[in-house]
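> sequence first, then the predicted structure, then my questions.
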Amino acid sequence: MRLTSDFWVSALVKRVFSGGGFAAIVRRGATEAGAVFVITRSRMGDVVLYGPAPQTSYDSAKPDERQFVRHQLADEGALESYLEKERRFDSDIWVVEIEPGREPVESLLVTVAG
């Protein structure tokens with residue numbers, strides 16, 4: 001059984017804070033099944049967006065585990081443009097911004113090659 005988006009995002013936020021990082025829910029989506037997008041920013045201003053992986057990426061052994069694809073974006077404008085396109089396609093998306101602390105992004109999110 002897959003966790004609801006609301007529960008999964010709450011758990012992510014708690015894990016980030018418990019690791020000494022910061023997390024903020026920028027946009028709340030559908031409680032049950034809204035797609036989740038996670039934003040990180042480096043100290044140098046690089047923006048990385050993690051979005052839902054395509055269905056073809058899912059492993060039949062773990063079909064309910066949320067998986068993400070990493071999108072390197074040029075700047076804040078590209079990020080906003082990408083998220084606006086996603087919102088037009090699906091108004092129920094979640095957007096969470098994190099600054100990981102001791103726990104790196106790779107241990108917080110399951111990522112697959114895009």
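That came in fine, so what should we check first?

> helices or strands next to the helix or strand containing F7 in the packing?
Secondary structure assignment for F7, by DSSP states H and E: helix 5-18. Counting contacts by 3 or more CB pairs under 8 Å, 6 or more residues apart in numbering; DSSP states H and E, helix 5-18 packs against strand 22-27, strand 36-41, strand 94-99, helix 105-108. Just so you know, the C-beta spots here come from the backbone N, C-alpha and C atoms, and that holds for glycine as well.

> give me the residues contacting it.
3, 22-23, 25, 29-36, 38, 66, 94, 96, 98-101, 103, 108 (CB atoms under 8 Å, 6 or more residues apart in numbering).

> just the buried residues of it, please?
5-6, 8-9, 12-13, 15-16 (16 or more other CB atoms under 10 Å).

> just how off-centre is that helix within its chain?
11 Å (CA atoms, centre = their mean, to the nearest Å).

> distance-wise, check the nearest residue to T31 once chain neighbours are set aside relative to G29.
Excluding the flanking residues, the one nearest T31 by CB to CB, 6 or more residues apart in numbering is D6, at 4.4 Å. For D6, the distance to G29 equals 9 Å [CB to CB, to the nearest Å].

> tell me which helix or strand of this protein sits lowest on mean pLDDT?
Taking mean pLDDT, DSSP states H and E as the measure, strand 111-112 is the helix or strand of the chain with the lowest mean score, a mean of 86.
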